[in-house]
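Student: The following block contains a protein sequence and its predicted model.
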Amino acid sequence: MILEPDGSEYDWMVGYDAPAEKFEARLQKSLEGKDTFKSLSAAYAKNPQDVAGVFGLARKHAERRDQAKAVEKFKEVIALDPEGKAGSYTMEYADITVSYTQYAEYAIATQNASGPKADMEPVKAFIKKYPDSPLVKIAYRQMGYYYGQQASKEEAAKYFAEYTAKYPNDARAADMWLARIIKDKDPLEQGQALVDKITELTSDNPVPDMNRDIADFYLLKGDKAKAEEIYGQDFIDGKVSGIAYDIASYATFWLDQEANKDSAVAMAELAHKLQPDNAYFLRQLAAAYVKTGKEDKALAVFGPDYLKGVAGDANAVYGYASFWSGQGKNLESALEAAKKAVELRPKANYFWSTLSDVYLKLKNYPEALQAAEKAVELTEGPYQARMKQKVEAIKKAQAEEKK
């Protein structure tokens, strides 16, 4: 709430979303007098025929859940512009744009779509009047909460059959019906059909709360093993892994842009915390520290002490050597790792190639050349040409050094 010195209401904002700067921007906009309750009220007093101003005031009251005042103003919008030609409103969170009038009718129709005295008839009338409106899908979902909890079993079955038929590829519609079937413990055959549909629609990206409903359904059927398969350890491990990769990608992106560095490092740390045994996230964290001038932290998490702990793991020591070779830092330790890698797997051509890279960074051309030639010897097919190019590049660098 923002109040005038005399205690009268100047403006209000309902709801908070991170980051804090986003909320601060909303507050600043209000303090500048943009679309505030006071400015909208003043504009209305000056020109009560301005549809955009009346609509803004209606939305301001609706934001505060003051239904009586919101409906009063929405009715004025409809009376002033019954054809819906005076302007449009965009619901940013849903990326939907409709006329002021259509939204006003929707707001009035759905004002009693929930609660103990819920009334679906006005919502149905709105859908009948505007069958092609982008608001119809939202209206169906709002009714779904009523039919999922309050309506009779028979009414719910009829409604959800209509809802899912209208939106056959909407997993949320199917899930709302499934939740109602779980509540009623019947009909299980229809429940299984919905489970199959949800699984099909979300196969590429399972939705946690939907998987929970599916698990509930299988428990209702007495199939605990299936519930575990759908919503057990494998499911949550996959989700955690996916989140870790997403936030690590975010960190890499912003560090490459040399922006949002604090946030990027924090996300690299979180990814490693979520997947502490995954060497990829450890390397990403070390890279984040190096890119932000925190080489001591990089060495603390991915330095010589780490190398001691993985000395018998060929892939781990190779990854370590490759990382530090690429960074051009900690090269003596990288050399130790590269030597250990070829010792553990002497026929791995790319291990020898990395050993060559480390020697080259240390300007030890004879050893770099020898390791590169060994890589050529072990390589077949199109990659051999690339390895031969590396040999020639080392020879050229060695010649330049002699000059």
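Tutor: Great, that's in hand.
Student: ok now the helix or strand harbouring residue 359, how far from the chain's centre?
Tutor: Element membership for residue 359, per DSSP states H and E: helix 349-361. Here helix 349-361 is found 38 Å from its chain centre; the criterion is C-alpha atoms, centre = their mean, to the nearest Å.
Student: What average pLDDT does it get?
Tutor: Helix 349-361 carries an average pLDDT of 96.
Student: Which helix or which strand is home to residue 151?
Tutor: Residue 151 belongs to no helix or strand, assigned by DSSP H and E.
Student: Now for it: which residues touch it?
Tutor: Neighbour list for residue 151: residue 159 [criterion: C-beta atoms under 8 Å, 6 or more residues apart in numbering]. Placement of C-beta: from N, CA and C, glycine included.
Student: how about the helices in the stretch 101-250 of the chain?
Tutor: Under the criterion DSSP state H, counting those that start in this stretch, the stretch 101-250 of the chain contains helices at 121-129, 135-149, 153-166, 171-184, 188-201, 208-220, 224-231, 233-256.
Student: can I get those in JSON lines with distance to residue 397, mean pLDDT and mean neighbour count?
Tutor: Output for these, formatted as JSON lines (distance: least, C-beta to C-beta, whole Å; pLDDT from 0 to 100; neighbours: other C-beta atoms under 10 Å):
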{"stretch": "helix 121-129", "distance to residue 397": "73", "mean pLDDT": "97", "mean neighbour count": "15"}
{"stretch": "helix 135-149", "distance to residue 397": "64", "mean pLDDT": "96", "mean neighbour count": "19"}
{"stretch": "helix 153-166", "distance to residue 397": "67", "mean pLDDT": "97", "mean neighbour count": "16"}
{"stretch": "helix 171-184", "distance to residue 397": "58", "mean pLDDT": "98", "mean neighbour count": "22"}
{"stretch": "helix 188-201", "distance to residue 397": "56", "mean pLDDT": "97", "mean neighbour count": "17"}
{"stretch": "helix 208-220", "distance to residue 397": "54", "mean pLDDT": "97", "mean neighbour count": "19"}
{"stretch": "helix 224-231", "distance to residue 397": "56", "mean pLDDT": "96", "mean neighbour count": "16"}
{"stretch": "helix 233-256", "distance to residue 397": "27", "mean pLDDT": "96", "mean neighbour count": "16"}
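Student: and those as a markdown table, adding distance to residue 106?
Tutor: Formatted as a markdown table, these follow (distance: least, C-beta to C-beta, whole Å):
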| stretch | distance to residue 106 |
| --- | --- |
| helix 121-129 | 6 |
| helix 135-149 | 5 |
| helix 153-166 | 17 |
| helix 171-184 | 19 |
| helix 188-201 | 27 |
| helix 208-220 | 26 |
| helix 224-231 | 36 |
| helix 233-256 | 35 |
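Student: between those helices, which gets nearest to residue 396?
Tutor: Across these, residue 396 has its closest neighbour in helix 233-256 (29.7 Å, C-beta to C-beta).
Student: Give me the helices and strands touching that closest one, please.
Tutor: The contact analysis (3 or more C-beta pairs under 8 Å, 6 or more residues apart in numbering; DSSP states H and E) places helix 233-256 against helix 261-274, helix 279-291.
Student: and of those helices, who's closest to residue 58?
Tutor: Going by C-beta to C-beta, the one of the helices and strands packed on helix 233-256 nearest residue 58 is helix 261-274, 38.0 Å.
Student: can you tell me which residues contact the nearest residue to residue 342 once chain neighbours are set aside?
Tutor: With C-beta to C-beta, 6 or more residues apart in numbering as the criterion, residue 342 has its nearest non-adjacent residue at 4.9 Å, and that residue is residue 351. Residues in contact with residue 351, defined by C-beta under 8 Å, 6+ apart, are 314, 318, 338, 341, 342, 345.
Student: Centre of the chain to the strand or helix carrying the fifth one, how far?
Tutor: If I follow you right, that is residue 342. If you go by DSSP H and E, residue 342 is part of helix 331-344. Centre-to-centre, helix 331-344 and its host chain are 39 Å apart (C-alpha atoms, centre = their mean).
Student: contact partners of it?
Tutor: 303-304, 307, 311-312, 314, 317-318, 320-321, 323-325, 348, 351-352, 354-355, 357-359, 361-362, 371.
Student: returning to what we had before: and the helix or strand following the helix holding residue 359, C-alpha only, in PDB?
Tutor: Moving toward the C-terminus from helix 349-361, the next helix or strand (DSSP H and E) is helix 365-378. C-alpha atoms of helix 365-378 as PDB (Å, rounded to 0.1, in the frame of the first residue of the first chain):
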ATOM      1  CA  TYR A 365      58.400 -28.900 -28.400                       C
ATOM      2  CA  PRO A 366      60.300 -32.200 -28.600                       C
ATOM      3  CA  GLU A 367      57.900 -34.000 -26.200                       C
ATOM      4  CA  ALA A 368      54.900 -32.300 -27.700                       C
ATOM      5  CA  LEU A 369      55.900 -33.500 -31.100                       C
ATOM      6  CA  GLN A 370      56.600 -37.100 -29.900                       C
ATOM      7  CA  ALA A 371      53.200 -37.200 -28.200                       C
ATOM      8  CA  ALA A 372      51.400 -35.900 -31.300                       C
ATOM      9  CA  GLU A 373      53.100 -38.400 -33.500                       C
ATOM     10  CA  LYS A 374      52.000 -41.200 -31.100                       C
ATOM     11  CA  ALA A 375      48.400 -39.800 -31.500                       C
ATOM     12  CA  VAL A 376      48.700 -40.000 -35.300                       C
ATOM     13  CA  GLU A 377      49.900 -43.600 -35.000                       C
ATOM     14  CA  LEU A 378      46.900 -44.600 -33.000                       C
END
